[in-house]
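>>> How does the following fold in three dimensions:
(2 chains)
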Amino acid sequence: MAILVDENTKVIIQGITGGFGGRHAQLSLDYGTQVVAGVTPGKGGQTFNDKVPIFDTIEEAVAETGATVSAVFVPPPFAGDAILESVDAGLDLVVAITEGIPVTDMMRVKAGMQGKNTRLIGPNCPGVVTPGTGPDSHGGCRIGIAPGYIHKKGNVGVVSRSGTLTYEAVWQVTSMGMGQSTCVGIGGDPINGTSHLDVLKMFNDDPETHAIIMIGEIGGTAEEEAAAWAKEFCDKPIAGFIAGATAPPGRRMGHAGAIVSGGMGTAEAKKAAMKEAGIVVAETPSEMGDALKRAMG
Amino acid sequence: MNIHEYQAKELFEKFGVPTPNGEVANTAEEARKIAESISSNLYAVKSQVHAGGRGKGTFKNGYQGGVQIVKTPQEVEEAAAQMIGQVLVTHQTGEEGKLVSKVMVADAVDIEKEYYLAILMDRENSCPVIVASTEGGMNIEDVAEKTPELIHNELIHPLLGLQPYEVRKLCKKLGLSGDNAKGFAKLLKSLMKLFLECDCSMVEINPLVTTPSGEVLALDAKFDFDDNALYRHPEIAELHDPTEEDPREVEAAKYDLNYIGLDGNIACLVNGAGLAMATMDIIKHTGGEPANFLDVGGGATEEQVTNAFKIICSDPNVQGILVNIFGGIMDCDVIAKGIVGASKQVKLEVPLVVRLEGNNVAAGKETLKNSGVDLIAADDLADAARKVVAAIS
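Predicted structure coming up:
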């Protein structure tokens, strides 16, 4: 089971001929992920690392390979268009790794996706990993840039806005001898495709997920909305962490979305909302694993 | 990215958002000439710095008020002479204040009523939102807290854009009619065009004023641009004034490092924005005070790490350094080599605590061990925070 992707998921890499996309395409292949196609306009007919056929368009890639998911590694000026191309082709899931897409582009992309069946994760995210059963969790599905080896197949769902902070949580879970069902990085941009709440709902419905770690950061109110829902409807124990308690207001902390403005989006407000919902909140990032244990009782 | 008031005025003029007559001056004499050409009976002389509270600010030479309202071109010259080349301290500048190198001279128009008007990107609804209020000229956050019913929001469809009925709704709520309503409609349409075409994340007019002659004018403006979109607006990127920023932030930007200076004494160097924030948090939680936010990114090079070190070491308040790297894909050995490289170029005079975890961590630890660099190794993040706090106390 797991959510969103599993070992059978067929994946397209958009921007496979770029340095960044190519490197991570190869790492995903090494992990055992079914990377079945690459798309780079103008490079159709070539082959990536003697293994993966490259197409000019997503439409052709889907027709030839039956892929249902794509990962977007194309540079920011072209990323919005790349996402919309995958939506047009009717893919189930698009994972946008690209960092630095203009917010107005994402606003239009999201409006253009209204009424379509494609789910977008990201942009500016580490991607999605469903660990496999092989050594170092190989044999699973790795889409994006997360290190595969820190994972372990198990029953903890992880959802987070940040990359390295997710790895920290995943590593703590793995080091405790537990494992993950699926890890989802939803990205650090102010406008993104999938929220904490969307992922919580999926984890709640997934029999393989027994407990959840939700990692948020300052800015916006997505964590509060997820917490309010969890209080009413989530049957599973949740541990949480919010980064940015010491961030000065009005400054963007690396992520475009990580900003406290007009007294909104503070770490305190988010932590309070999570506690109010019965979520066990880790006070420091090194206690995320402990918080999970406490939540699970 | 922020811009100066006079630059905002120039953008407004380009997009047809009406503002009072006025121009920017570099010298007191220029200021007088501008006043003479405006030819009014009342002038505003305004210090150009990126900080609020200018009117109530004090110059280090003792002169009171970074914004002056005066009656003659001669008085404009005198006020400008007191401001230009002087350091203005306001509640937003901190004690060090900001150097004023330009002033704006504008017609101090008769004001009938002040309003508040802003457009920003609403992240929850993924569209622009117009925020308007009859309570202009005040701190809008105070208005929102005390009288939220006086703040009116209008969400704008991301593809359809501003519709005439939305303007009519706002006019009704703000009590605008006749010429004022027509002027407001025109101004708002221009402002929305500017907001979208220039990739703003916020544009705020406070106050927006109506005049006895029926005009609607933007008296002051604050802009924030989406940094992600600056690549397609070179003319806006050029408005960036590095003298308004922390020199260490300017230096960091040159190497694609994300640095924000803070008031504490424990510097940190981290990969990833979320982990960097969390590292600041754990320093504070352990009883220390973070000196900065610094994200070296997911794919940092040895050179970037070396430069990051130089930047944090140039902060005189720093008494200890915490390096926290979770090398997912990033090679811990690259970080280790960067630290060694930096320690050869920068004389490290404060305790250095290093926590490395992840990809190729054994090689990284070996590199540090063999380098002879004086450092304290930590097992995990909590251990690292404890050690750095202990080392400086």
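>>> What residue in the stretch 1-150 of chain B comes nearest to chain A?
Ranked by C-beta to the nearest C-beta, the top residue of the stretch 1-150 of chain B for proximity to chain A is B:Arg123, at 4.1 Å. From N, CA and C alone the C-beta is placed, and that goes for glycine too.
>>> now that residue: how far from B:Lys365?
Between B:Arg123 and B:Lys365 the computed distance is 41 Å (C-beta to C-beta, to the nearest Å).
>>> Who has more neighbours out of these two?
B:Arg123 (24 against 16; other C-beta atoms under 10 Å in any protein chain shown).
>>> how far away is the residue nearest to that one when sequence neighbours are not counted from A:Arg251?
Distance criterion C-beta to C-beta, 6 or more residues apart in numbering or on different chains; nearest residue to B:Arg123, sequence neighbours excluded, is A:Pro190 at 4.1 Å. Computed as C-beta to C-beta, the A:Pro190 to A:Arg251 distance reads 14 Å.
>>> which one of those two has more residues nearby?
Set A:Pro190 next to A:Arg251 and count neighbours by other C-beta under 10 Å: A:Pro190 wins out with 26 against 17.
>>> three-state assignment of that one?
Here A:Pro190 is coil, with the state taken from DSSP: H, G, I helix; E, B strand; the rest coil.
>>> how about the residue of the stretch 101-250 of chain B found nearest chain A, what does it touch?
Nearest residue of the stretch 101-250 of chain B to chain A, counting by C-beta to the nearest C-beta: B:Ala229, 3.6 Å away. Taking C-beta atoms under 8 Å, 6 or more residues apart in numbering or on different chains, we find B:Ala229 in contact with A:Pro102, A:Val103, A:Thr104, A:Asp105, B:Asp199.
>>> Could you do A:His24 as well?
Residues in contact with A:His24, defined by C-beta under 8 Å, 6+ apart, are A:Ile13, A:Ala71, A:Phe73, A:Ile97, A:Gly144, A:Ile145, B:Ile329.
>>> Double-check that the first one belongs to a helix.
No - the assignment for A:Ile13, made by three-state DSSP, is strand rather than a helix.
>>> what's the neighbour count on it?
Neighbours of A:Ile13 under the rule other C-beta under 10 Å: 32.
>>> quick one: it and A:Ser70 touch, right?
Yes - in this structure A:Ile13 lies within contact range of A:Ser70 using C-beta atoms under 8 Å: 7.3 Å.
>>> Need the overlap of contacts for those two.
With C-beta under 8 Å, 6+ apart as the test, A:Ile13 and A:Ser70 both reach A:Val39.
>>> count of residues packed around A:Ala267?
Residues within reach of A:Ala267, counting by other C-beta under 10 Å, total 22.
>>> What are the neighbouring residues in contact with A:Met274?
Contacts of A:Met274 (C-beta under 8 Å, 6+ apart): A:Met214, A:Glu223, A:Ala227, A:Ile238, A:Gly240, A:Ile242, A:Val281.
>>> Leaving out the residues flanking it, which one is nearest to the closest residue to chain B within the stretch 51-200 of chain A?
Closest approach of the stretch 51-200 of chain A to chain B (C-beta to the nearest C-beta) occurs at A:Ser162, with a separation of 2.2 Å. Excluding the flanking residues, the one nearest A:Ser162 by C-beta to C-beta, 6+ apart is B:Gly274, at 2.2 Å.
>>> remind me, longest helix of chain B?
Determined from DSSP state H, the single longest helix within chain B is helix B:178-197.
>>> could you say what helices and strands that one packs with?
Packed against helix B:178-197 by the contact rule (3 or more C-beta pairs under 8 Å, 6 or more residues apart in numbering or on different chains; DSSP states H and E) you find helix B:5-15, strand B:113-122, strand B:127-133, helix B:164-174, strand B:200-210, strand B:216-218.
>>> change it to 6 Å
Packing partners of helix B:178-197 (3 or more C-beta pairs under 6 Å, 6 or more residues apart in numbering or on different chains; DSSP states H and E): helix B:5-15, helix B:164-174, strand B:216-218.
>>> out of the ones you listed, nearest to A:Ser181?
For the helices and strands packed on helix B:178-197, proximity to A:Ser181 was assessed by C-beta to C-beta; helix B:164-174 is nearest, at 44.7 Å.
>>> circling back to that earlier point, of the helices and strands packed on helix B:178-197, which stretch is the most buried?
Ranked by average neighbour count under the criterion mean count of other C-beta atoms under 10 Å in any protein chain shown, the helices and strands packed on helix B:178-197 are headed by strand B:216-218 at a mean of 23.
>>> does the helix or strand just after it come close to chain A?
Note on strand B:216-218: by DSSP states H and E, the next helix or strand toward the C-terminus is strand B:221-225. No - if you take C-beta under 6 Å from any C-beta of the partner chain as the test, strand B:221-225 misses chain A, and the best it gets is 9.3 Å.
>>> Buried residues in the following helix or strand past strand B:221-225, which are they?
Downstream of strand B:221-225, the first helix or strand assigned by DSSP H and E is helix B:234-237. Residues of helix B:234-237 classed as buried: B:Ile236 (neighbour count, 16 or more other C-beta atoms under 10 Å in any protein chain shown).
>>> In contact with residue 150, which residues?
Using chain A here. A:Ile150 is in contact with A:Tyr167, A:Val170, A:Trp171, A:Thr174, counting by C-beta atoms under 6 Å, 6 or more residues apart in numbering or on different chains.
>>> wait, chain B
B:Ser133, B:Glu135.
>>> nearest residue to the residue nearest to the spatial centre of chain A other than its sequence neighbours?
By C-alpha atoms, centre = their mean, chain A has its centre lying nearest to A:Gly185, at 2.6 Å. Excluding the flanking residues, the one nearest A:Gly185 by C-beta to C-beta, 6+ apart is A:Pro126, at 3.8 Å.
>>> unless I'm mixing things up, the one you found is touching A:Gly148, no?
No - between A:Pro126 and A:Gly148 there is no contact, the gap being 11.7 Å when judged by C-beta atoms under 6 Å.
>>> Kindly confirm my reading that A:Ala79 forms part of a strand.
No - checked against three-state DSSP, A:Ala79 lies outside a strand; its state is helix.
>>> Thought A:Ile101 was touching it, still the case?
Yes - if you go by C-beta under 6 Å, A:Ala79 and A:Ile101 touch, sitting 4.9 Å apart.
>>> So which of those two has more stuff around it?
Neighbour count, other C-beta under 10 Å: between A:Ala79 and A:Ile101, A:Ile101 has more, with 30 against 27.
>>> In this structure the more buried one contacts A:Phe78, no?
No - using C-beta under 6 Å, A:Ile101 is not in contact with A:Phe78; the gap is 9.5 Å.
>>> quick one on the thing from earlier: let's have the contacts of A:Met274 in TSV, adding secondary structure.
TSV is the format used below for the contacts of A:Met274 (three-state DSSP):
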residue	secondary structure
A:Met214	strand
A:Glu223	helix
A:Ala227	helix
A:Ile238	strand
A:Gly240	strand
A:Ile242	strand
A:Val281	strand
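>>> Tell me the buried residues within those.
The neighbour count (16+ other C-beta under 10 Å) marks A:Met214, A:Glu223, A:Ala227, A:Ile238, A:Gly240, A:Ile242, A:Val281 as buried among the contacts of A:Met274.
>>> what's the farthest-apart pair in those?
Farthest-apart pair in these is A:Ile238 and A:Ile242; separation 12.9 Å (C-beta to C-beta).
>>> how close does A:Cys234 get to chain B?
Remark: distance between A:Cys234 and chain B (C-beta to the nearest C-beta, to the nearest Å) = 20 Å.
>>> neighbours of that residue, just the number please.
Residues near A:Cys234, counting by other C-beta under 10 Å, number 20.
>>> excluding its backbone neighbours, what's nearest it?
Of all residues not flanking A:Cys234 in the chain, A:Asn204 sits nearest, at 5.1 Å (C-beta to C-beta, 6+ apart).
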